[in-house]
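Asks: I'll drop the sequence and a predicted model, then ask my questions.
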Amino acid sequence: MTTNLSPAGRGRHHVDVHDPAELLAEARLCLRETPTDCLILAGTGGLHSPAMVTRSSLRDLLAPHGAEHLQRHLALMQERGAGALHALIVIGDGYQVLLEPVVENLLLRAGALVHDAAKEVFAGALPGLLSVRGAASATCWELEDRPGGGRPRLFALEPLRAFSDTRAAAGAVLTGRPIPYLEQEDPALAEIGRSLRLRAVDLASGADPGELFAAARESLEHLLAGAAELSETSRMTKCEQLASLLSAVAVDRLHWELLAQCVEHGTDREVERETLLQALVSDAELIPHEDVCAGGSWYTALEKLRGIAAAACEAASPAELGTARSAWRALTALLVLLAWWNHRFATAGHLVDEIREREPESTLAPLLSRMTDTPIFPAWWPRA
């Protein structure tokens, strides 16, 4: 099972955990992406602990050993001071209309799993699991535990209010919090990727990937903001800068160097490259800068560059294909590690699955899976 964690910040408005629409909206804002096919757990926190929102994939929960993983997850939340918990089972994105038998079956299976896991972990101790609800087919659901065990009772409560109609969304607009939307393929990125001409991988390259990344971010901003207004020469120059970055990160040593610079960003510290991962799991003072968190400028740029690399793979000549594939794999791995460092294990796990699907012979995916699925935790922990 993979999870994402996000603490409620100091002074944040009260979250109505009893309202599935509000909890779903708050999870969307905390996790900076639209939750789909998942279990959301909201911990109320306590005097010395921040509130906590986590997301777990239903696919993982309903797979073999999913119950064991969920019990470990609940125990970890308890250890971290999550306090009393409220659970929300999300089918699809909560709003898309699905066949009623499918919705009921998934809600009942997942609801029974949550209730049973909570009994094992909390064993009647307080605080424990206060509610299990569902968001599916644009409807709010209640899953009431049966005293004797077995599948819970399922009740449809009311229509699931749209995200824009929630207090959480209104508060986000007033305070300027970023509002995430479902990912959609950007045709502009695909067009850029198909137009690139990539050089062969230079294993001895002395390029600084940080400098290339800065130039690529600036070029990408211009290309996406007004490519039609650029001269052909200017457009070619900016595409060359993107191509240079992709060719550089295709070298393992250089994409590792870029990860190290992401870790060092915003600090005056220098991290040993050879022991970078060991530092991230042992040094709690290494905390990600907002630029390399989901929604941050660096993180978003890496996502867009990965999309460009994917398009480049589709249009590359035989001579360029190796560079394009290596660049896509490197950028995906870099995002896996940044997501993991941000305690966004579900996002990291999803990216690892993409590597498995596109590069089934790669030895990278199993190694990254060890970090996201076990999971191995970064040393730092989100705080209020």
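Replies: Everything's here; your move. Numbering: from 1, shown residues only.
Asks: And residue 343, how close does it get to residue 380?
Replies: As judged by C-beta to C-beta, to the nearest Å, residue 343 and residue 380 stand 9 Å apart. Where C-beta positions appear, they are placed from N, C-alpha and C, glycine not excepted.
Asks: between these two, who's got more neighbours?
Replies: Applying other C-beta atoms under 10 Å to residue 343 and residue 380 shows that residue 343 carries more neighbours, namely 22 against 17.
Asks: hang on, isn't that one packed against residue 376?
Replies: No. Using C-beta atoms under 8 Å as the test, residue 343 is too far from residue 376 to be in contact (11.5 Å).
Asks: What are the boundaries of the helices in the stretch 51-200 of the chain?
Replies: In the stretch 51-200 of the chain, the helices defined using DSSP state H, counting those that start in this stretch lie at 58-61, 66-79, 100-122, 167-175, 187-195.
Asks: how about CSV for those, with distance to residue 21 and mean pLDDT added?
Replies: Formatted as CSV, the helices of the stretch 51-200 of the chain follow (distance: least, C-beta to C-beta, whole Å; pLDDT from 0 to 100):
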stretch, distance to residue 21, mean pLDDT
helix 58-61, 19, 89
helix 66-79, 23, 87
helix 100-122, 16, 92
helix 167-175, 9, 79
helix 187-195, 32, 90
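Asks: Residue 249 is nearest to which of those?
Replies: Nearest to residue 249, of all the helices of the stretch 51-200 of the chain, is helix 187-195, at 14.2 Å by C-beta to C-beta.
Asks: In CSV, list the C-alpha atoms belonging to the closest one.
Replies: Extracted in CSV, the C-alpha atoms of helix 187-195 (Å, rounded to 0.1, in the frame of the first residue of the first chain):
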residue,chain,number,x,y,z
PRO,A,187,-1.1,19.0,-26.5
ALA,A,188,1.5,21.8,-26.4
LEU,A,189,3.9,19.6,-24.5
ALA,A,190,3.4,16.8,-26.9
GLU,A,191,4.0,19.1,-29.8
ILE,A,192,7.3,20.3,-28.3
GLY,A,193,8.4,16.8,-27.5
ARG,A,194,7.8,15.6,-31.1
SER,A,195,9.8,18.5,-32.5
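Asks: What's the first helix or strand after that helix?
Replies: helix 209-226 (DSSP states H and E).
Asks: Residues contacting that following helix, please?
Replies: The contact list for helix 209-226, computed with C-beta atoms under 8 Å, 6 or more residues apart in numbering, reads 188-189, 192, 230, 234-235, 237-239, 241-242, 244-245, 248-249, 254-255, 257-258, 261, 297-298, 301, 304-305.
Asks: next SSE after the lowest-mean-pLDDT helix or strand in the chain?
Replies: Least confident helix or strand of the chain, by mean pLDDT, DSSP states H and E, is strand 3-7 with a mean of 44. Downstream of strand 3-7, the next assigned helix or strand under DSSP H and E is helix 20-31.
Asks: Which elements pack onto that following helix?
Replies: On a contact count with 3 or more C-beta pairs under 8 Å, 6 or more residues apart in numbering; DSSP states H and E, helix 20-31 meets strand 3-7, strand 38-43, strand 52-57, strand 85-90, strand 129-136, strand 139-144, helix 167-175.
Asks: now those in JSON lines, with mean neighbour count and distance to residue 366?
Replies: As requested, those are exported to JSON lines (neighbours: other C-beta atoms under 10 Å; distance: least, C-beta to C-beta, whole Å):
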{"stretch": "strand 3-7", "mean neighbour count": "24", "distance to residue 366": "20"}
{"stretch": "strand 38-43", "mean neighbour count": "26", "distance to residue 366": "24"}
{"stretch": "strand 52-57", "mean neighbour count": "24", "distance to residue 366": "18"}
{"stretch": "strand 85-90", "mean neighbour count": "25", "distance to residue 366": "29"}
{"stretch": "strand 129-136", "mean neighbour count": "23", "distance to residue 366": "33"}
{"stretch": "strand 139-144", "mean neighbour count": "20", "distance to residue 366": "36"}
{"stretch": "helix 167-175", "mean neighbour count": "16", "distance to residue 366": "38"}
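Asks: quick one: which of these is nearest residue 354?
Replies: Of all the helices and strands packed on helix 20-31, it is strand 52-57 that lies closest to residue 354, at 13.9 Å by C-beta to C-beta.
Asks: chain center to that closest one, what's the gap?
Replies: Here the centre of strand 52-57 is set off from its chain's centre by 10 Å, with C-alpha atoms, centre = their mean, to the nearest Å.
Asks: packing partners for it?
Replies: Of the remaining helices and strands, those touching strand 52-57 by 3+ C-beta pairs under 8 Å, 6+ apart are strand 3-7, helix 20-31, strand 38-43, helix 66-79, helix 345-358.
Asks: now those as CSV including distance to residue 144?
Replies: Below are the helices and strands packed on strand 52-57 laid out as CSV (distance: least, C-beta to C-beta, whole Å):
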stretch, distance to residue 144
strand 3-7, 25
helix 20-31, 14
strand 38-43, 17
helix 66-79, 19
helix 345-358, 27
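Asks: These: which one's closest to residue 284?
Replies: Nearest of the helices and strands packed on strand 52-57 to residue 284, taken as C-beta to C-beta: strand 3-7 at 14.8 Å.
Asks: Just put the helices of the stretch 51-200 of the chain in CSV and tack on distance to residue 291.
Replies: Formatted as CSV, those follow (distance: least, C-beta to C-beta, whole Å):
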stretch, distance to residue 291
helix 58-61, 30
helix 66-79, 28
helix 100-122, 36
helix 167-175, 20
helix 187-195, 20
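Asks: Many thanks, have a good one.
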